[in-house]
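Quick one: sequence plus predicted model below, questions after.
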Amino acid sequence: MVAEVVRQMMLRTASIAAAAALLAACGGGDRGAVGDTAVTKAGDTSAAGVASGVGRVRMSEVNQGSSGMAARVRWALSSDQRAIIVVEDPASVENEPFPNGFVLARETAAGVEMVQLDSVWDAAPSPDWSAAAFGRAHRVSAGERDSLTTEQWDSLARAAGMPKADVRRGAFPASGMAVIIGLSQPGIIRLPDGTPRVWPVAAGWRVAWSRDGERIAAGTPPTPRVSDDADSPRWIVIDTASGIPRGELPPDFERFVPNWVQGPLIDISASHDTAQHVSLQIDGGTVESSGNRITRNGVEVGAGIAYAVTRSGRVIVALAPDPNAGEYDPKERLVVYIVEP
């Protein structure tokens, strides 16, 4: 299957630019939902900045799209601890696939650069931490029917910027209890502009960078049944400059593997102790949380429990109370506080 995908894409090299233009015409990175696909937003903050003794503070939800009943949290820091990637990975009932959201942020001399993206199957930072690869998630429900309609397939193909035949070949069942069709596409998003590039290739269920940062590996989904945490059985190598597939993953492909840290579980049945005291070391001081209050060097930043910070404490990963949570929603949300100079 992978070889056929690669062959088809190599034959269509000349049409990639046209496909990309079609993708942009369909909304690019800020495209509306297809079926029940979550809206993607890049570099958006969910709360206005507020004046503070630590500078201007912005807050962004890590996942601004749809959420499942529970979500796993993970993050990774660069070797100099100036950059961080944070992923909220929801799962649906019976561990069925559900799109993720992520934030990539890094401290600079001028402040903090940040991008945020929803509706992805996976995300991974580049070796220099200036970009993230992701697998764009499409998820379409047939509703009461036993299959998608022709119009739904056409709509999915337009949203993906791909021929319908390629979409059908690359689609996968995203539920065992209902007829929900999934599709993945690889892409990258770079700091600081935050404009996603999505390529017309049916892969990206899992993504990884090469150590030289010039290629990404985009995985195909496992079939016939896909669970949210399943790995990819096969991989396609994609040139990050052109978006052109370069064949299946060669044996000598060296992956860049960040040091992922598993964070708290966000669940409707789990509550987190906001009274606990947390102290995280940063250059020249600490970020602390206690009694649902987060401070940086003694100055209040916002509400919640701090879990991870960048080197100077200008990026703080936290669980914060969700004022809009319904009766059957988790009462906390995963956020990133950005502290500007």
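Perfect, thanks for sending it.

Only C-alpha atoms from now on, for both contacts and neighbour counts.
Noted.

shaky segments in this structure?
For the chain, the stretches with pLDDT under 70 are 1-55.

ok, longest strand in it?
Ordering each strand of the chain by length in residues (DSSP state E) puts strand 111-125 first.

Which elements pack onto it?
Helices and strands touching strand 111-125, by 3 or more CA pairs under 8 Å, 6 or more residues apart in numbering; DSSP states H and E, are strand 83-91, strand 100-108, strand 131-141, strand 180-190, strand 207-210.

do that again at 7 Å, thanks
strand 100-108, strand 131-141, strand 207-210 (3 or more CA pairs under 7 Å, 6 or more residues apart in numbering; DSSP states H and E).

Sheet-wise, list the partners of that strand with their directions.
strand 100-108 (antiparallel), strand 131-141 (antiparallel) (DSSP bridges).

Give me the buried positions along stretch 94-101.
Asn95, Glu96, Pro97, Phe98, Pro99, Asn100, Gly101 (16 or more other CA atoms under 10 Å).

Next: stretch 152-169.
152-162, 164, 166-167.

So Leu191 sits against Ala131, correct?
Yes: assessed by CA atoms under 7 Å, Leu191 is found in contact with Ala131 at 5.8 Å.

Angles on the backbone of the residue lying farthest from the centre of the chain, please.
Computed with CA atoms, centre = their mean, the residue of the chain farthest from its C-alpha average is Gly298, at 32.0 Å. Torsion angles at Gly298 (phi, psi; degrees, to the nearest 10) stand at phi 80, psi 0.

what sits against it?
Contacts for Gly298 (CA atoms under 7 Å, 6 or more residues apart in numbering) come out as none.

So it versus Gly313, what's the distance?
The gap separating Gly298 from Gly313 is 12 Å, by CA to CA, to the nearest Å.

and what of Asp128?
20 Å.

ok, how many other residues are close to Asp239?
Applying other CA atoms under 10 Å, we find 14 residues neighbouring Asp239.

residues near Glu151, how many?
Other residues close to Glu151 by other CA under 10 Å number 9.

Next: Asp193.
That count, for Asp193 with other CA under 10 Å as the rule, works out to 12.

Distance of it relative to Ser130?
Using CA to CA, Asp193 is found at 11 Å from Ser130.

do the same with Tyr328
38 Å.

Neighbour count: these two, which is higher?
Just comparing Tyr328 and Ser130: by other CA under 10 Å the higher neighbour count belongs to Ser130, 16 against 10.

could you pull out the strands for the stretch 151-300 of the chain?
Along the stretch 151-300 of the chain, counting by DSSP state E, counting those that start in this stretch, strands occupy 172-173, 180-190, 197-198, 207-210, 215-219, 235-239, 245-248, 255-256, 261-262, 266-267, 278-282, 285-290, 293-296, 299-303.

Let me have these in a markdown table, adding distance to Arg145 as columns.
As requested, the strands of the stretch 151-300 of the chain are exported to a markdown table (distance: least, CA to CA, whole Å):
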| stretch | distance to Arg145 |
| --- | --- |
| strand 172-173 | 14 |
| strand 180-190 | 10 |
| strand 197-198 | 30 |
| strand 207-210 | 32 |
| strand 215-219 | 29 |
| strand 235-239 | 32 |
| strand 245-248 | 35 |
| strand 255-256 | 42 |
| strand 261-262 | 38 |
| strand 266-267 | 31 |
| strand 278-282 | 50 |
| strand 285-290 | 50 |
| strand 293-296 | 49 |
| strand 299-303 | 45 |
